[in-house]
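**Student:** just need the structure, nothing else, for what follows:
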Amino acid sequence: MTVVKSTLPEQALRVTGSALQDTLVDLLGLSLIGKQAHWNIVGPRFRSIHFQLDEVVATARNFSDTVAERAAALGVPPDGRPETIAATFALPGAKDGWLRDTEVVDLMVSALREAIGRLRERIAATEKPDPVTQDLMMSITAELEKQHWMFQAENWPRDDT
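**Tutor:** Alright, predicted model coming up:
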């Protein structure tokens with residue numbers, strides 16, 4: 001059943017729809033990683049990282065809504081069901097139990113780095129099929145890179161992440 005007719009040609013819609021769905025999964029998963037770490041962080045930097053995680057979660061949730069609405073506007077039904085996220089999520093996740101503040105920083109640096117790398121691939125993939133979606137991917141990447149930088153700064157003077 002087609003409820004919304006896309007303005008994109010079929011091939012462009014396939015590429016764009018896939019990029020949007022994969023981004024939706026990454027963002028929803030990233031918000032869950034952030035909340036899991038937020039609830040379980042312990043250590044001397046608890047408070048500052050606890051609040052920084054809220055920023056990541058808010059960013060991921062806000063952009064996930066924008067991504068889902070972009071997909072819907074193009075006639076691609078977004079799929080954010082828990083079983084879809086569980087089956088397709090590919091970013092590094094938190095371990096079970098309490099997480100030291102240093103572990104949380106390492107986790108977030110790693111998860112954000114992976115998400116950014118995947119977004120950059122989608123930026124390239126959507127350049128010709130849909131520059132509007134490409135622009136959205138660029139905006140998301142810029143914000144996640146800011147968060148990545150902030151978590152990396154938490155590791156200073158370590159520079160192995």
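**Student:** from the chain's centroid, how far away is stretch 67-80?
**Tutor:** Distance of stretch 67-80 from its chain centroid, counting by C-alpha atoms, centre = their mean, to the nearest Å, is 16 Å.
**Student:** so how far does it reach from one end to the other?
**Tutor:** 11 Å (C-alpha to C-alpha, to the nearest Å).
**Student:** helices or strands next to the longest helix along the chain in the packing?
**Tutor:** Longest helix in the chain by number of residues, with DSSP state H as the criterion: helix 10-40. Applying 3 or more C-beta pairs under 8 Å, 6 or more residues apart in numbering; DSSP states H and E, we find helix 10-40 packed against helix 46-73, helix 82-88, helix 101-126, helix 131-154. To be clear about C-beta, it is placed using only N, CA and C from the backbone, and glycine gets the same treatment.
**Student:** can you tell me which of the ones you listed is packed in deepest?
**Tutor:** helix 101-126 (a mean of 20; mean count of other C-beta atoms under 10 Å).
**Student:** pLDDT on that one, on average?
**Tutor:** In this model, helix 101-126 has an average pLDDT of 98.
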